[in-house]
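Q: Sharing a model prediction with you, sequence too.
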Amino acid sequence: TMAFESTWASIQSRSIPCLNCCCFGLGLGMACDPIVMSKHKCCCCAGGCTSGELCVGEKGCCTGVSKVCCLITTSSVNNPAIGLCDTFCCGRPYGEGQMVQDGEMAFMERVFWLCHCGFAGIGCGPSGPLCFNNCKICCLEEKDSTAHCWSAEGCCHSSSKTCCFIVDAQCPPTRRVGCGCCGCAVGKVVEEQRQVMVAPGQQVI
């Protein structure tokens, strides 16, 4: 799953194309939905950032999670805990004994915490994704992770939104960008249409 995938799909479905040409597109959207957002992918590296997250939410106002292979480190002012060998005498770290709403961080539900002291902890978790990084401060959030080299969006792509301006770039070109101008698009398939085109039982990558 790419960073902020569901949010970006919603933004694109409501955008108006201004100038689209196969591998590059410029469009207009709602100015505050959110104000700034981007996501990118180059081969097996992917990431994104947004200014539209809740200032507190389930992760708190200041949270950091880093993952390399099975080693996971975390820090959070909203989830203090004291524990050793996955046994806690005070508090619970993020994801421990609770459902994680962020699907891209579902691996936090299966962490064996080696040590957690106050606002920081270290533990072991699932092998995938191989590398992952998440940093959140108030409404600003950034994510980076490893991904499949090839996906439905191609090998390399970049999407960004600043106020009402939306820019898409993709290589090789696909129907995700399409062609068009002045509010009319030809050959463009948005996320909702793409999922309908997938046969029942076939996995959408």
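A: Good, I have the coordinates.
Q: Please enumerate residues in contact with the helix or strand hosting residue 145?
A: Residue 145 belongs to strand 140-146 when assigned by DSSP states H and E. Residues outside strand 140-146 that contact it (CB atoms under 8 Å, 6 or more residues apart in numbering): 3-4, 44-51, 53, 104, 129-136. C-beta here means a position set from N, CA and C on the backbone, and glycine is covered the same way.
Q: List the buried residues of it.
A: Buried residues in strand 140-146, counting neighbours by 16 or more other CB atoms under 10 Å, are found at 141-145.
Q: Against which helices or strands is the host helix or strand of residue 48 packed?
A: Using DSSP H and E, residue 48 sits within strand 45-50. Strand 45-50 sits against strand 36-42, strand 140-146, with contacts defined as 3 or more CB pairs under 8 Å, 6 or more residues apart in numbering; DSSP states H and E.
Q: the inter-axis angle of it versus strand 140-146?
A: 170 degrees (axes from the mean of the first three to the mean of the last three CA atoms, to 10 degrees).
Q: pLDDT below threshold where in the chain?
A: 1-3, 183, 187-205 (pLDDT under 70).
Q: can we see that at 80?
A: 1-6, 12, 22, 33, 151-154, 173-205 (pLDDT under 80).
Q: Let me know the outermost residue of it.
A: For the chain, the largest distance from the centre (CA atoms, centre = their mean) belongs to residue 89, which lies 32.7 Å off.
Q: For that one, which residues are in contact?
A: Contacts for residue 89 were tallied using CB under 8 Å, 6+ apart; they are 82-83.
Q: What helix or strand is it located in?
A: strand 87-91.
Q: three-state assignment of residue 158?
A: Here residue 158 is strand, with the state taken from DSSP: H, G, I helix; E, B strand; the rest coil.
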